[in-house]
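Engineer: Mind looking at a prediction? Sequence and model below.
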Amino acid sequence: MEHFLLQLFIFLAAAAIAVPLAKKCGLGSILGYLLAGIVIGPFGLSLIGDIEEVMHFTEFGVVMMLFLVGLELKPSLLWQLRIPILGMGGTQVVLSSVAIGAVSLSGLPWQQAVAVGLTLSLSSTAIVLQTLRERGIMNTSPGRSIFSVLLFQDLAVIPILAILPLLATAVIDSGPHGSVFFDMSVLPGYLRILVTLLAVSFIFFLGRFASRPIFRTIASTRVHEIFVAAALALVVGISLLMTAVGLSPALGTFLAGVVLAESEYRHELESDIQPFKGLLLGIFFISIGASLNFTLIGDHALLIAALVLGLIGIKWLVLLATGIVFNMPGRERWLFAIALAQGGEFAFVLFQYAKVNGILPNDVVEPLISAVAISMFLTPLLFVLHARLAAGQDGDRQGRAADTIKHQGSKVILAGFGRLGTDLGRFLIASGIRPVILDHDAANVDILRRFGFEVYYGDITRLDLLEAAGAADAALIIITIGDIEKARELVHLVQKHYPHLKIAANASDRPAAYQLMDMGVTTIRRETFGSALSLGQDVLKILGVHPYEAYKLMRIFRKKDEDCMPELYKIHRDDEERYISMYQQHNADLEELMKMDLDADMEEELDKAWSVGRSEE
Amino acid sequence: MKKILIIFAHPAIARSKINVAMRGAVENLDGVTFHDLYAAYPDFLIDVAHEQNLCQAHDGIIFQHPFYWYSAPAIMKEWLDLVLQYGWAYGVKGRALEGKFFLQALTAGGDKDSYRKHGLNTFTIGELTTPYRATANLCRMEWLPPFTVLGMHRGMSEENISGHAQEYRRVITALRDGTLDFQKAKKHEYLNSNLDLAIRNA
């Protein structure tokens, strides 16, 4: 136990030190993890023992990652991006595999060359997506192309995992936990297929029908950690089931993710699984860094340098060709090619897997893993280089890119979907804006879903849920939470972590509005004010005031009342007596003003100006 | 009997005695639809389809309004902008209003003397209303000289006001019953210059 805790401490502490350092240097968190691994690994301080075991355990992070990828993949989004995903992604993966495989044939048997080609065709989703986000090019057209290719690669992992075992040349004694992904050998053929089909349909059934009542019951307990436990149990359970029937757990959780992508609990699941995935993958990367064999790199410096250059070179050329085939403009093509030219984290998993299953011998895998890791190291540097070159080439590029983002990035988060939020949501949807809607009342979410609203369950004052809802690249958050304390908490959270996010808020009354103004919120509407004035307008009409007059009076009252808000706000806390007297004064002024508007004498005064007989002749 | 649509625009009718009187004189006539734009659309959100249906259900349109800045109150312009669509009111296929009569009924503060070449307003009512005449022309409508009440600023007597209102009623009744002689009416600057000449006895 003590040993385990010590190991855990070393991993966590190394990550906690190395990742912020790496980020400071602009290298991104993954390079930080890798560096941390090198430092604590056998070629650094030799602080950790059984790296293989750790790596094996933390591979589960990849399973979680695929679950999350599935959650992101609503069938409709998949359909929208079908051409770039299938076209560009397919072209890139096939061409890269063929090119790399062909080159590998010079030194390897064909089975191994195919395995190497397939594995190296994948790029690093983690590094590239992170970098795109950091640079704010996620929503530009090259950003979307890059994302599509990564998505295809994420999907391609599944068939690749299925193909790899067919390429095995060496027979490996697979122990009870030797093969994580496939173990179909125990059952007779027909039964195997039957069980597999049953397992897959079970996942569909679970996601489609059973998940909702289960999650709703759990959510209504309002004990958050139980929801986390349920989410983890779901992912782990599906992995176990898949392993038992001899399918890839990654495939199983991916399927579960897709099935749950349209569930109202999607964001909640995402934010619950995210930290576990992050931590597991982080430790996985550390163990990769620790497993880097520097003796080997030192001994075969030339070979590995050649591998790195070859890998990046071939992929870069293939990507450029793909860009040309799909008519990408020149500048986009360069970014596209540079972004995806590295090897990816899947290569670590796949190489590991290939080694364990006797597809690739250790002396092939080791230099390749080193080459992939080095190519990943180089990616952030290539991005920096590309930005420099592009900026030098064209000064106005910056402006045009920003324009695209503005057009694409009108993402809106609507926090709170009660009575006010519902009407607001309907209005926005009718105006062509599809907000991400979040509400913390599971029963409410359920009802609104049945009416066809896209509402997600979750406590919006949690940072991770805010993140899952897309706060990082949203433009605006609308707060329609009746409870002012909760609203303030959310405003505080947003201002602290997403200072770019504009805030529009609803206040239940004047004091609540003042509290929000205290926090610097400027777009505030008092909840009942609008209805009160509309009703007042109706009443005037019924009493025989001309409809246009009633409308004008309503508008004048609203404007004056809103105009005096800042002034009243300024003194509302300092001096209660003065506040009351000023409030009364404003009401008196308002009355005066409206009387004047009703006054008929004005008209005749005005009319006189239109006559006065002749002009000077 | 012809059906007549009165499109009325005054942002504060309560303050206009003449418009109250003219409205009171005609709004209950058989075959007349009195349509107060500011009451129907206080927020200016005009229902174009509804307005077009109204127009097509009548044989002639009267635009009754005060003469603000040599033109109509803002909502009347909005109405013209939105309702008289290309392909509906004008253009090769825009024949929805063809043959219907077009009459402006306007009230102005200035008197007759101010609406002439060397008067305060430099131009005559006939000259100043040419955009409306051109509008009627483009929509293939039959234009009539405007029904004009001038000199409101001098504080018109109740008697005079009710006289104008009765003339207005007479004109509309004649239009409805087909007893107005368009050719004779067009010879005058104002439709109400001399009603006895223009209206046949039924």
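Structural biologist: Sure, I can see it. All values derive from a computational prediction rather than experimental measurement.
Engineer: Just want the most central residue of chain B.
Structural biologist: Centroid check for chain B by C-alpha atoms, centre = their mean gives B:Gln104 as the closest residue, at 2.4 Å.
Engineer: what about the longest helix in chain B?
Structural biologist: In chain B, assigned by DSSP state H, the helix with the most residues is helix B:158-177.
Engineer: So out of everything in the stretch 201-350 of chain A, what residue is nearest chain B?
Structural biologist: A:Glu264 (35.7 Å; C-beta to the nearest C-beta). Placement of C-beta: from N, CA and C, glycine included.
Engineer: could you list every residue that touches that residue?
Structural biologist: Residues in contact with A:Glu264 (C-beta atoms under 8 Å, 6 or more residues apart in numbering or on different chains) are A:212, A:445-446, A:449, A:455-457.
Engineer: Most neighbours among these, which one?
Structural biologist: When neighbours are counted by other C-beta atoms under 10 Å in any protein chain shown, A:Tyr457 leads these with 26 neighbours.
Engineer: could you point out which element follows the helix or strand where A:Phe348 lies?
Structural biologist: Using DSSP states H and E, A:Phe348 sits within helix A:345-356. For helix A:345-356, the following helix or strand on the C-terminal side (DSSP H and E) is helix A:362-393.
Engineer: chain center to that next one, what's the gap?
Structural biologist: In terms of C-alpha atoms, centre = their mean, to the nearest Å, the centre of helix A:362-393 is set 24 Å apart from its chain centre.
Engineer: got the buried residues for that helix?
Structural biologist: A:364-380, A:382-383, A:386 (16 or more other C-beta atoms under 10 Å in any protein chain shown).
Engineer: again with stretch A:217-236
Structural biologist: A:218-219, A:227-228, A:230-231, A:234-235.
Engineer: now those residues as CSV including pLDDT and distance to A:Ile38?
Structural biologist: Below are the buried residues of stretch A:217-236 laid out as CSV (pLDDT from 0 to 100; distance: C-beta to C-beta, whole Å):
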residue, pLDDT, distance to A:Ile38
A:Ile218, 84, 42
A:Ala219, 81, 43
A:Phe227, 84, 37
A:Val228, 86, 33
A:Ala230, 87, 38
A:Ala231, 87, 33
A:Leu234, 88, 35
A:Val235, 88, 30
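Engineer: Could you work out the most separated pair of these?
Structural biologist: The two members of the buried residues of stretch A:217-236 with the most space between them (C-beta to C-beta) are A:Ala219 and A:Val235, at 17.6 Å.
Engineer: so the residue nearest to the centre of chain B makes contact with B:Phe147?
Structural biologist: Yes - the pair B:Gln104 / B:Phe147 is scored as a contact, 7.0 Å apart, by C-beta atoms under 8 Å.
Engineer: which neighbours do these two share?
Structural biologist: By C-beta under 8 Å, 6+ apart, the residues touching both B:Gln104 and B:Phe147 are B:Ile62.
Engineer: what about dumping the CA coordinates of the helix or strand harbouring A:Gly237 to PDB?
Structural biologist: Assigned by DSSP H and E, A:Gly237 belongs to helix A:224-245. In PDB, the C-alpha atoms belonging to helix A:224-245 read as follows (Å, rounded to 0.1, in the frame of the first residue of the first chain):
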ATOM      1  CA  HIS A 224     -23.000  14.400  -7.100                       C
ATOM      2  CA  GLU A 225     -20.400  11.700  -6.400                       C
ATOM      3  CA  ILE A 226     -23.100   9.000  -6.900                       C
ATOM      4  CA  PHE A 227     -23.500  10.300 -10.500                       C
ATOM      5  CA  VAL A 228     -19.700  10.200 -10.900                       C
ATOM      6  CA  ALA A 229     -19.700   6.700  -9.600                       C
ATOM      7  CA  ALA A 230     -22.500   5.700 -12.000                       C
ATOM      8  CA  ALA A 231     -20.700   7.200 -14.900                       C
ATOM      9  CA  LEU A 232     -17.500   5.400 -14.100                       C
ATOM     10  CA  ALA A 233     -19.300   2.200 -13.500                       C
ATOM     11  CA  LEU A 234     -20.900   2.500 -16.900                       C
ATOM     12  CA  VAL A 235     -17.600   2.900 -18.700                       C
ATOM     13  CA  VAL A 236     -15.800   0.300 -16.700                       C
ATOM     14  CA  GLY A 237     -18.700  -2.100 -17.000                       C
ATOM     15  CA  ILE A 238     -18.900  -1.800 -20.700                       C
ATOM     16  CA  SER A 239     -15.200  -2.400 -21.000                       C
ATOM     17  CA  LEU A 240     -15.500  -5.500 -18.900                       C
ATOM     18  CA  LEU A 241     -18.500  -6.700 -21.000                       C
ATOM     19  CA  MET A 242     -16.600  -6.100 -24.200                       C
ATOM     20  CA  THR A 243     -13.500  -7.900 -23.000                       C
ATOM     21  CA  ALA A 244     -15.600 -10.800 -21.900                       C
ATOM     22  CA  VAL A 245     -17.200 -11.200 -25.300                       C
END
